[in-house]
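[1] Following is a predicted model, sequence given first.
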Amino acid sequence: MILKATLSKPNENAVTAAFGKPYEKIKFSLKSDASYFAEFFTSTQVFHKHLSETELESFLEEHAGKTFRNCVKFTESKEISIMASKKGKISVIEKNLEKNFRLARHP
């Protein structure tokens, strides 16, 4: 289960084409068992939306590394970074979180 995620470093043309607005960053956070709160940031405004777990997973699958070059997801035990180079090469890095970190960050 994803606890929180952040999409950043937008591909300018792809973001505007996909969403109709020039979003600079998108943050997702877990609010209840299967509900996520999304914040879509432009340079001057923030837009909010609620998503289910399946909607979040399909959204991240569609846009991580493509529309946004960076994506960082935190699960209960891992930090997963998805990064895309300017040429489109996608790298995925997974780090195990220490037990003390998990307890301190996510009670």
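    All right, it came through fine. Residues are numbered from 1 along each chain as shown.
[2] now His50: how far from Ala34?
    For His50, the distance to Ala34 equals 11 Å [C-beta to C-beta, to the nearest Å]. For every residue, glycine as well, the C-beta is placed using N, CA and C.
[3] which secondary element of this structure has the worst mean pLDDT?
    Within the chain, no helix or strand scores below helix 99-105, which has a mean of 51 by mean pLDDT, DSSP states H and E.
[4] what about the residue nearest to Val92 when sequence neighbours are not counted, neighbour count?
    Nearest non-adjacent residue to Val92, counting by C-beta to C-beta, 6 or more residues apart in numbering: Ile82, 5.4 Å away. When counting by other C-beta atoms under 10 Å, one arrives at 21 neighbours for Ile82.
[5] What strands flank the strand or helix carrying Ile82, and is each parallel or antiparallel?
    Taking DSSP states H and E as the criterion, Ile82 maps to strand 78-84. Strand pairing for strand 78-84, using DSSP bridges, gives strand 68-75 (antiparallel), strand 90-96 (antiparallel).
[6] highest average neighbour count across these?
    strand 68-75 (a mean of 20; mean count of other C-beta atoms under 10 Å).
[7] what does the average pLDDT come to for that one?
    What strand 68-75 shows for mean pLDDT is 92.
[8] The residue nearest to Val92 against Thr67, yeah?
    No: using C-beta atoms under 8 Å, Ile82 is not in contact with Thr67; the gap is 11.8 Å.
[9] gap between stretch 55-71 and the chain center?
    Stretch 55-71 has its C-alpha centroid displaced from the chain centroid by 7 Å (C-alpha atoms, centre = their mean, to the nearest Å).
[10] residue ranges with poor pLDDT in the chain?
    Across the chain, residues meeting the criterion (pLDDT under 70) sit at 99-107.
[11] Using CSV, write down the CA coordinates of the longest helix seen in it.
    Once the chain is assigned using DSSP state H, the helix that runs over the most residues is helix 53-63. Provided in CSV are the C-alpha atoms of helix 53-63 (Å, rounded to 0.1, in the frame of the first residue of the first chain):
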residue,chain,number,x,y,z
GLU,A,53,-6.2,3.3,-4.3
THR,A,54,-6.8,1.8,-7.8
GLU,A,55,-7.1,5.3,-9.3
LEU,A,56,-3.9,6.4,-7.7
GLU,A,57,-2.0,3.3,-8.9
SER,A,58,-3.2,3.7,-12.5
PHE,A,59,-2.4,7.5,-12.3
LEU,A,60,1.1,6.8,-11.2
GLU,A,61,1.6,4.1,-13.8
GLU,A,62,0.5,6.4,-16.5
HIS,A,63,2.4,9.6,-15.5
